Structures are given as C-alpha cells and as structure tokens.
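Enquirer: My questions are about this predicted structure, shown below with the sequence.
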Amino acid sequence: TLPLEHGAHRIGNRTDADMARWRSQRLGQFIHWGLYAIPGGEWKGKTYNGAAEWIRSWKEMPQQEYDNLYKQFNPVNYQPEEWAQQANDMGAKYMIITTKHHDGFCLWPSKYSKYSVAASPWKKDIIGPMVDAYNKKGIDVYLYFSIIDWNQPDWRAALKTPADSIAYQRFKVFVKNQLTELLQRYPTVKGFWFDGTWDDSWKNDGSFSDELEQYLQRLHPGLIIGSRLRADEKGARHFDSNGRLMGDYEQGWERKLPEKSADVHGNDWEGVMTIPENQWGYNARWAGHIKSSNELIEMLVKSASLGGNFVINFGPKSDGTFRTEEVQRMQEISRWMKINGSAIYGGTDAGFAKQDWGYYIRKSGTDSVYMVVCNVPVSGQLRVKLPAQTTLVNVTSLEKNIISGTPELIGKNEYFIHLDHKNQDAPFVILLQTSKDSRDNSGFEKAKT
Ligand SMILES: COc1ccc([C@H]2[C@H](O)[C@H](O)[C@H](C)N2C)cc1
C-alpha cells in the first residue's frame, strides 16, 4: 500500500454510539429547498430539462436574474412543525436539509455572506426552526453543505494562476467559517452532508479536506461525515489511493443502489433517491418515470438488506408547501412503515442466500430474520435456504392471512413457506426466528410432530 498522509485514517466501520444510532435509523428524508424552487425548472415560458436546482447554469437563464431571485424568497406557507410531523409519520428517523446549495444562497442568516435569507423579504432564519421542529419529533438533522459556491467571487473550480490561489485561499477560510457558524448555531445537528467536491480546486487539495474534517470532529465530537468531503493527496475521492473508504460511510450512491453485498465491502453506506428521475429541487413539471411508493419501499428494503441507509428526497415549493405527489408518497410509506417498520429499523444484511421473492433483513445482533416479499411467486411457495448450522425455530407474518400451514421441509436446511392466496398490493413481511445449532433441520421437525 502507498504511504498516504491524507487517506483513510480508520480501517473498518465506526463502532461508537453516534454511528450505531445512524446505522439503526435506515430511513431518512432529504430536503432540497432554495431559490431554485422559485423558477421550478422553467424560465420565461421555457422548460429547463436539467435538475431544477441547476437552472442557474442553463444557457437560457441570465445569471444576474437568477441571483436576484433572493428578492422574491418569501415562503409564507412555511410550517416547519408540519414538515416534521409528516416526516415523522412517514417513519424517517433523520433529515438532511440544504443549508446552501451550489448557488450559494444561505437558508440561515450567515455572518460571512450577504447572500442569505436575511436579505430576502422573509428575513428570518429558515434552518433554526426546522432543526427545532424535527428534533422535537425525535428526528435527527444533518446539514447539506455545498463546497461549490457560485455566488462567492473567491470560489474557483480550478487554480490556474497565482491570483486564483490567493482567492481560493480566502474561499477556504470562508468555508471553514460558515461550517463553524453552522455548528455554533445548530449544536444538535448530527453531521454534515457535503456536496460539490468534484472540482480540481478541491480534489487537488486533499490536505485541506482532511484537516477540515478533523477540525470539525474536534469542534463537534461524534459528527458523522460521509465520503464525499475528502480527497486524498493524489486526488482520489470516496476511496483513497489504497482503496480504503474515507469518511464515516460510503456516500456515492446517488440515484442508484448497490446490487449485492459484495458491492459495499462491509462498509456503512447511504443511498439518496429522487422520486422523479433526476430532480432534487422543486420542478413544476416532473418528466419521465415517477417512482411509486412500492418502488421506494422496495429500495428502502433492499438498502436495509444490504446494510445501508435509504434517503428519499423532497423538493418543497417556493411558498413552503409540498407538491401532491410527494405528500402522497409520504402518506403511503407511512402506512407501510406503521405495519412493517420493525423489519427496517435496526435492520442489516442477514447473510442469507438471496431469493427471487425479495429480501432478507436481519435485526442486527439477533437471530430474527425478516423476509420482505416483493415478488409473490405464482407457485404460492417461498423458498428459504438457511445457512448451515442454522435451524428454523418459528415463522410468523407481521400481518394476518399471509402464511398457510407450517413450513415444508424440502431439503437440507431448505423449506417452502406456503402463502395464503390473497393478492397483495404492497410488500409484506414474514419473521423467521432462527437459531445457531449444530444439528440441521432440528427446528420444524419438532414443531411438526
Ligand atoms: C453532475 O452531476 C451532479 C452534480 C450534482 C448533483 C447534486 C444535486 O444537485 C443534488 O444536490 C445531489 C444530492 N447532488 C449530488 C447531482 C448530479
């Protein structure tokens, strides 16, 4: 391995209580909210086909006009208590809020930038009341922070001249000041979700990103920061030049999920997902495929079955309300989580052979393994192949009328669980109580006699 000064400083997952809490939460809510919600993907009758929060970079958008949108930011219907209530109903255990996206507009009255809510008609702090409302519901808050800042004259994508380096040096002081300010203003936050760290200016400055992460940890012990912040001294991101994960969890799963256990190498990880194909901020017209609640639930289940967290993104409108499709998804997921949440919270990779009908999730540290059935076989029988020296002690379902009879032993450590022929309109859950046992199959034979 290469001798790295600014590569990964820890091998393996964090084992402290803060990380264990994050790991048990499994379902998060991402919120992208800012000036981009005002145009909502359209400008002067034209539709922007990119992601709404990137509209400033659209050739049809005069940047000065975008930058002046702060004069219209006045979310008269913003009710953070309602936001927190609906997130709590959905079953989200943490929330990530954009304090500042790439456009540089700060949703808190920053001492270090005039480009904030303080200059808007709204005037007031947006972040504080949100953190308080979510924390009051027992939901942890993480602060999304974009390193890229199109509003800051000292920001540079690349350092081409000595003048660039001098300006960028000032910019790094500004970044450190804002992050310090955020931790001082909102001491209950559990971590940062960094973004906008792919440019050369940042990638080629691994030592700064490393020092910044260590500075933040000293300032606020226990902070959880994913792999997007850091670069090592050779410009490697997420994984250092020795292939070791930097940060506290793999944060690269954006609008995509790992397929199998081998894809995550035993690391903590988090997937973030949009409901439409690729819109984070509010976009008036969602084009393309819009994920149903069952699709999002299956992604959540798949994430938990692979030992990761799943975060669903919402883009509130400029007035502070949520669009119908997003409210619908929160309500449908809420109904499912109220019945099946025990399979998700504290869930992790069961280490069982994957079957076509769906996913296994182990309640971490126990012999309880949940089966979440997403694809009901026309045969009506679910194949369960237990690892060696594992016996099946009990089988129950979280809802009534799912299973018919007792499991049928069909081979060594292999069973069919027969389903009651009800057609299901959502994934359903069966709980397997197993036990480590030197004798194979000893479980159900006892039950059968
Ligand atoms: C260039 O491809 C990108 C760049 C940035 C993103 C940003 C989105 O604006 C959103 O904030 C997402 C979490 N982030 C990765 C997404 C895709």
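Expert: Okay, I see it.
Enquirer: Spell out the secondary structure type for the residue of the stretch 151-300 of the chain found nearest the ligand.
Expert: In the stretch 151-300 of the chain, the residue that lies nearest the ligand is residue 280 (4.1 Å; Cβ to the nearest ligand atom). Yep, even glycine has a C-beta here, placed from its N, CA and C like the rest. When classified by DSSP: H, G, I helix; E, B strand; the rest coil, residue 280 comes out as coil.
Enquirer: Which residues are in contact with it?
Expert: 30, 32, 51-53, 274, 313, 315 (Cβ atoms under 8 Å, 6 or more residues apart in numbering).
Enquirer: just the buried members of the residues you listed?
Expert: 30, 32, 51-53, 274, 313, 315 (16 or more other Cβ atoms under 10 Å).
Enquirer: in this structure, which residue is closest to the centre?
Expert: residue 311 (3.1 Å; Cα atoms, centre = their mean).
Enquirer: Name the nearest residue to that residue, ignoring sequence neighbours.
Expert: For residue 311, ignoring the flanking residues on the chain, the nearest one in space by Cβ to Cβ, 6 or more residues apart in numbering is residue 28 at 3.7 Å.
Enquirer: out of the buried ones among the contacts of residue 280, who's near the ligand?
Expert: When Cβ under 6 Å from any ligand atom is applied, the members of the buried ones among the contacts of residue 280 adjacent to the ligand are 32, 51, 53.
Enquirer: The ligand contacts on this protein?
Expert: So the chain meets the ligand at 32, 51, 53, 195, 254, 272, 280 (Cβ under 6 Å from any ligand atom).
Enquirer: Check the secondary structure at the third one for me.
Expert: Okay, so that is residue 53. Under three-state DSSP, the three-state class of residue 53 is helix.
Enquirer: Hmm, residue 105 and it touching each other?
Expert: No: Residue 53 lies out of contact with residue 105 (Cβ atoms under 8 Å); the separation is 10.6 Å.
Enquirer: which residues do those two both contact?
Expert: Counting by Cβ under 8 Å, 6+ apart, the common neighbours of residue 53 and residue 105 are residue 34.
Enquirer: what's the most distant pair in the contacts of residue 280?
Expert: Within these, two members stand farthest from each other by Cβ to Cβ: 30 and 52, at 14.1 Å.
Enquirer: in the helix or strand harbouring residue 303, what counts as buried?
Expert: In this assignment (DSSP states H and E), residue 303 forms part of helix 293-305. Along helix 293-305, these residues count as buried under the neighbour rule (16+ other Cβ under 10 Å): 293, 296-305.
Enquirer: what distance separates that helix from the middle of the whole chain?
Expert: Relative to its parent chain, helix 293-305 has a centroid offset of 12 Å by Cα atoms, centre = their mean, to the nearest Å.
Enquirer: Let me know the average pLDDT across that helix.
Expert: For helix 293-305, the mean pLDDT works out to 99.
Enquirer: Quick check: closest non-adjacent residue to residue 346.
Expert: residue 24 is the one closest to residue 346 (Cβ to Cβ, 6+ apart), at 4.6 Å.
Enquirer: Could you do residue 190 as well?
Expert: In this structure, residue 190 finds its nearest non-sequential neighbour in residue 140, 4.5 Å apart by Cβ to Cβ, 6+ apart.
Enquirer: State the pLDDT value of the one you found.
Expert: What the model reports as pLDDT for residue 140 is 99.
Enquirer: May I have the phi/psi pair for the residue lying closest to residue 422 once chain neighbours are set aside?
Expert: The shortest distance from residue 422 to any non-neighbouring residue, by Cβ to Cβ, 6+ apart, is to residue 401 (5.6 Å). Note on residue 401: its backbone torsions stand at phi 60, psi 40 [degrees, to the nearest 10].
Enquirer: Just list the residues touching residue 18, thanks.
Expert: 190, 222-224.
Enquirer: Apply 10 Å and report the result again.
Expert: Applying Cβ atoms under 10 Å, 6 or more residues apart in numbering, we find residue 18 in contact with 140, 190-191, 221-224, 248.
Enquirer: ok so it is a helix residue?
Expert: Yes: under three-state DSSP, residue 18 falls within a helix.
Enquirer: quick one: it from residue 230, how far?
Expert: From residue 18 across to residue 230, the span is 19 Å (Cβ to Cβ, to the nearest Å).
Enquirer: and what of residue 153?
Expert: 26 Å.
Enquirer: Who has more neighbours out of the two?
Expert: Using other Cβ atoms under 10 Å, the more surrounded residue of residue 153 and residue 230 is residue 230, with 28 against 9.
Enquirer: who's in contact with that one?
Expert: 6-9, 194, 197, 202, 206, 208-210, 212-213, 236-240, 245-247.
Enquirer: separation between it and residue 425?
Expert: Residue 230 is 44 Å from residue 425, by Cβ to Cβ.
Enquirer: Would you map the strands across the stretch 151-300 of the chain?
Expert: Here the stretch 151-300 of the chain has its strands, by DSSP state E, counting those that start in this stretch, at 191-195, 224-225, 250-254, 269-273.
Enquirer: Please dump the ones you listed into CSV; it should also carry mean pLDDT and mean neighbour count for every row.
Expert: Below are the strands of the stretch 151-300 of the chain laid out as CSV (pLDDT from 0 to 100; neighbours: other Cβ atoms under 10 Å):
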stretch, mean pLDDT, mean neighbour count
strand 191-195, 99, 23
strand 224-225, 99, 23
strand 250-254, 98, 20
strand 269-273, 99, 23
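Enquirer: average pLDDT for stretch 391-407?
Expert: Averaged across stretch 391-407, the pLDDT comes to 95.
Enquirer: Same question for stretch 214-221.
Expert: 98.
Enquirer: Quick one: distance of that stretch to the chain centre.
Expert: Chain-centre distance of stretch 214-221: 22 Å, with Cα atoms, centre = their mean.
Enquirer: circling back to that earlier point, considering the residues of the chain next to the ligand, which is situated nearest to residue 91?
Expert: Comparing those against residue 91 with Cβ to Cβ picks out residue 272 as the nearest, at 16.8 Å.
Enquirer: Go ahead and confirm the closest one touches residue 250.
Expert: No: counting by Cβ atoms under 10 Å, residue 272 does not reach residue 250; the two are 11.7 Å apart.
Enquirer: Report the set of residues contacting both of the two.
Expert: Residues within reach of residue 272 and of residue 250 at once, by Cβ under 10 Å, 6+ apart, are residue 226.
Enquirer: ok, whichever residue of the stretch 1-150 of the chain sits closest to the ligand - contacts?
Expert: Closest contact between the stretch 1-150 of the chain and the ligand, by Cβ to the nearest ligand atom, is at residue 53 (4.7 Å). Neighbour list for residue 53: 32-37, 41, 98, 101-103, 146, 279-283, 315 [criterion: Cβ under 10 Å, 6+ apart].
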